[in-house]
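S.K.: just coords:
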């Protein structure tokens with residue numbers, strides 16, 4: 001999923017870097033209203049957890065491997081705005097310290113994983129919460145489905161960028177089938193890891209989970 005330098009041309013990379021900068025700026029403003037004194041530390045811990053787990057790869061098929069994207073997981077735990085910021089920090093550190101993703105492609109990677117991945121998962125999660133029963137088990141299921149679908153959605157973002165400004169010679173249809181097909185398989189692992197993590201946090205500190213907490217209306221004190 002991490003795009004290296006030189007894979008997408010500079011004009012396209014610059015355009016998506018600008019789009020990512022706008023999205024991150026909006027996320028900073030949104031997170032100020034979204035995070036509380038309780039949830040703010042969890043946002044930092046979520047970023048650290050995603051960073052650590054992204055370093056672990058699991059086999060997928062035909063010699064390929066995948067790792068946790070973390071967009072859906074972060075969204076459920078700390079909300080979409082803070083999740084975008086968490087993914088941005090993770091991708092920035094990975095790029096600068098581990099050369100995981102190119103510097104000129106940083107805006108592309110943030111847009112795909114921190115914007116598309118997070119907000120697609122949020123939309124799916126929000127819709128499923130409207131349909132499913134208001135139980136913790138249903139929330140875990142909604143989180144898993146949202147995380148699963150966020151992975152091919154982020155991969156589709158790359159395909160669109162490739163179609164706009166590719167420097168390679170592969171056809172768009174070949175890249176589409178390869179990226180989306182592989183990332184559907186990776187999404188299964190994403191969904192399982194997200195379900196296990198969200199379920200564990202719900203069992204111990206459900207008050208810290210954005211996706212569960214947000215369904216409750218604030219208490220009012222009346223004389």
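M.R.: Ah, there it is. Everything numeric here is computed off the predicted structure, so don't read it as measured data. Numbering: from 1, shown residues only.
S.K.: so what does the strand or helix carrying residue 156 touch, helix or strand wise?
M.R.: Element membership of residue 156, judged by DSSP states H and E, is helix 136-165. Helix 136-165 is packed against helix 10-34, helix 71-78, helix 117-131, helix 172-205, helix 210-213, with contacts defined by 3 or more Cβ pairs under 8 Å, 6 or more residues apart in numbering; DSSP states H and E. (Each C-beta comes from the backbone N, C-alpha and C, glycine too.)
S.K.: elements contacting the fourth one?
M.R.: Using 3+ Cβ pairs under 8 Å, 6+ apart, the elements in contact with helix 172-205 are strand 65-66, helix 71-78, helix 136-165.
S.K.: and the nearest residue to residue 159 once chain neighbours are set aside, how far is that from residue 70?
M.R.: Distances taken as Cβ to Cβ, 6 or more residues apart in numbering place residue 176 nearest to residue 159, at 4.9 Å, with adjacent residues excluded. Going from residue 176 to residue 70 by Cβ to Cβ, to the nearest Å gives 24 Å.
S.K.: neighbour count winner among these two?
M.R.: The residue with more neighbours, out of residue 176 and residue 70, is residue 70; 30 against 18, by other Cβ atoms under 10 Å.
S.K.: show me the contact partners of stretch 30-48.
M.R.: 70, 73-74, 77-83, 85-87, 89-90, 207-208, 210 (Cβ atoms under 8 Å, 6 or more residues apart in numbering).
S.K.: could you identify the buried members of those?
M.R.: Those of the contacts of stretch 30-48 that meet the buried threshold are 70, 73-74, 77-83, 85-87, 89-90, 208, 210, by 16 or more other Cβ atoms under 10 Å.
S.K.: could you pull up the residues touching residue 157?
M.R.: Residue 157 is in contact with 111, 112, 116, counting by Cβ under 8 Å, 6+ apart.
S.K.: which of those has the most neighbours?
M.R.: Neighbour max across those (other Cβ under 10 Å) = residue 112, 29 neighbours.
S.K.: any idea how far residue 20 is from it?
M.R.: Going from residue 112 to residue 20 by Cβ to Cβ gives 9 Å.
S.K.: how about residue 36, secondary structure?
M.R.: coil (DSSP: H, G, I helix; E, B strand; the rest coil).
S.K.: distance of it from residue 79?
M.R.: The span separating residue 36 from residue 79 equals 10 Å under the rule Cβ to Cβ.
S.K.: and residue 147, by the same measure?
M.R.: Residue 147 is 15 Å from residue 79, by Cβ to Cβ.
S.K.: quick check: buried residues in stretch 113-132?
M.R.: For stretch 113-132, by 16+ other Cβ under 10 Å, it's 113-125, 128-129.
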